[in-house]
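In: Sharing a sequence plus its predicted fold:
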Amino acid sequence: MTTIGRRWMTAFGLTLMTAACGSSDAPGTHSTEESPTPIERRPTTATEFTPVELEATVDKFVVELNEHPHEPMHAEILLKVVSGFFAPVATAANRAMGELRMTGNVVGRLEEPGDQEKAVELQNDQIAQTLAGGAEAIGIAPFGEGNASGIDAAVEQGVHVVTLDADVASSKRSIYVGTLNKEAGTTAGETLLRMLPPAPGTVIIHGNINPVWVAGVERTQGAEDVFKEAGYETLVIQATLTEIGDEEDTATMKAEIEAADPPVVGMIGMFNEAYRCAMAAEAAGRKDISIVAFDFDPKTVSYMRKGLIQATHTQRQYYEGYLVPYILYGIKNIGLDATKKIIAPLMVDDIRVNTGLDVVTAETIDAYNDHLDALGVNQ
């Protein structure tokens, strides 16, 4: 193992999930004597939460690729973690890579990092290790703008890079796949706004102000703008993105609830740890505060069932993970322009694919769980 590899494994405790390989050819080669095996998708059961356009887009990929010669390829999907929020991403990426008979791994650490800047540095090291291993394409959920140098180094070697979950707009990546964070924050803010009494009042935002994590800043700002425009006071509490943050963030928000003037009328959690808003409101004896959340953490669902969180906004992590291998495979086999033509219905501009949000209320929790079961994942 290289020095880079040892450093990454020691610091991050990686889990590697190897994708199915359906060819005896080496990565990047293809036997011209035989027709390629047709690509076949794993069937899924449609539910009320099924994103019809996303499903149709992958079907178009399959048709287009099966109409042209396609070669196997070696790709790496680099995730922040392979557990929790990213578990559906990892499952879906492995599934898509198996359908496409790609070689490579879905790679991620086991726990969220405590130091974002260190995580950026280590992920750049991992990109370098991936390139040294012969990857023809990379899908990456980056930690921040600091990953631009690593991404650009890959592109300079002729390796296409697709970002997912969070974008690095300053980099030379080919495409971004995931939630549009500013717009997602606006959507969540508007959900809460409809529940609030008329201003004045204070809204606590459990969000991000750390500039290293641009996506978190954008989502937080999207929500904050909604409340400011409606005349509310806003207070952003920096989310601690580790489990030890439960106690710390809850105590901080409880104190702010008790001290706020005008009184707190609403709270919104922008990330997977949004359940801490309900913990703080409960600790402060303010079960009357309207709260909305992000993601589908089991603790968030528990507080929804108790009536302390009224709605949550779930990202389509499964489809982020599922689309990226198809896009990378399409870029190699039919070209970037032809690939963009297929995904055009999902694109908001020449770079970004919007996978959208699902709004889940207390009344639709069970229906959403059925949707996850149909995909073979849980969140």
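Out: Done, it's in.
In: Now Tyr176: which helix or strand?
Out: When elements are assigned from DSSP states H and E, Tyr176 belongs to strand 175-178.
In: Kindly report the same for Thr163.
Out: Using DSSP H and E, Thr163 falls in strand 160-164.
In: same question, Ile204
Out: Applying DSSP H and E as the criterion places Ile204 in strand 202-207.
In: Let's see that strand as PDB, backbone CA atoms only.
Out: Coordinates of each C-alpha in strand 202-207 appear next as PDB, following Å, rounded to 0.1, in the frame of the first residue of the first chain:
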ATOM      1  CA  THR A 202     -37.700  34.700  16.000                       C
ATOM      2  CA  VAL A 203     -36.800  31.700  13.800                       C
ATOM      3  CA  ILE A 204     -33.900  29.500  14.900                       C
ATOM      4  CA  ILE A 205     -31.900  27.900  12.000                       C
ATOM      5  CA  HIS A 206     -29.800  24.900  12.800                       C
ATOM      6  CA  GLY A 207     -27.500  25.400   9.900                       C
END
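In: Which strands border it, and is each parallel or antiparallel?
Out: Strand 202-207 sits in its sheet next to strand 233-238 (parallel), strand 264-269 (parallel), going by DSSP bridges.
In: what domains does the record give for this protein?
Out: Per automatic domain parsing, the structural domains of the chain span 3-21+34-179+316-356, 181-314.
In: quick one, strands of this structure?
Out: 14-18, 74-81, 103-109, 137-140, 160-164, 175-178, 202-207, 233-238, 264-269, 290-294, 311-315, 352-354, 357-361 (DSSP state E).
In: export those strands to CSV and tack on mean pLDDT and distance to Asp125?
Out: For glycine as for every other residue, the C-beta is placed from the backbone atoms N, C-alpha and C. Shown next, in CSV, are those (pLDDT from 0 to 100; distance: least, CB to CB, whole Å):
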stretch, mean pLDDT, distance to Asp125
strand 14-18, 50, 12
strand 74-81, 95, 11
strand 103-109, 91, 12
strand 137-140, 98, 13
strand 160-164, 98, 16
strand 175-178, 98, 22
strand 202-207, 98, 29
strand 233-238, 98, 27
strand 264-269, 98, 32
strand 290-294, 98, 30
strand 311-315, 97, 27
strand 352-354, 97, 27
strand 357-361, 96, 33
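In: re earlier: got the contact list for the strand holding Tyr176?
Out: 162-167, 315, 320, 323-324, 327, 339-340, 343, 351-355 (CB atoms under 8 Å, 6 or more residues apart in numbering).
In: Mark which of those residues are buried, thanks.
Out: Buried members of those, scored by 16 or more other CB atoms under 10 Å, are 162-167, 315, 320, 323-324, 327, 339-340, 343, 352-355.
In: okay, the angle between the strand holding Thr163 and strand 74-81?
Out: On the basis of axes from the mean of the first three to the mean of the last three CA atoms, to 10 degrees, strand 160-164 is oriented at 30 degrees to strand 74-81.
In: Residue ranges in the stretch 101-250 of the chain under the pLDDT threshold?
Out: Residue ranges of the stretch 101-250 of the chain with pLDDT under 70: 114.
In: Measure how buried Gln116 is and give me the count.
Out: Gln116: 19 surrounding residues under other CB atoms under 10 Å.
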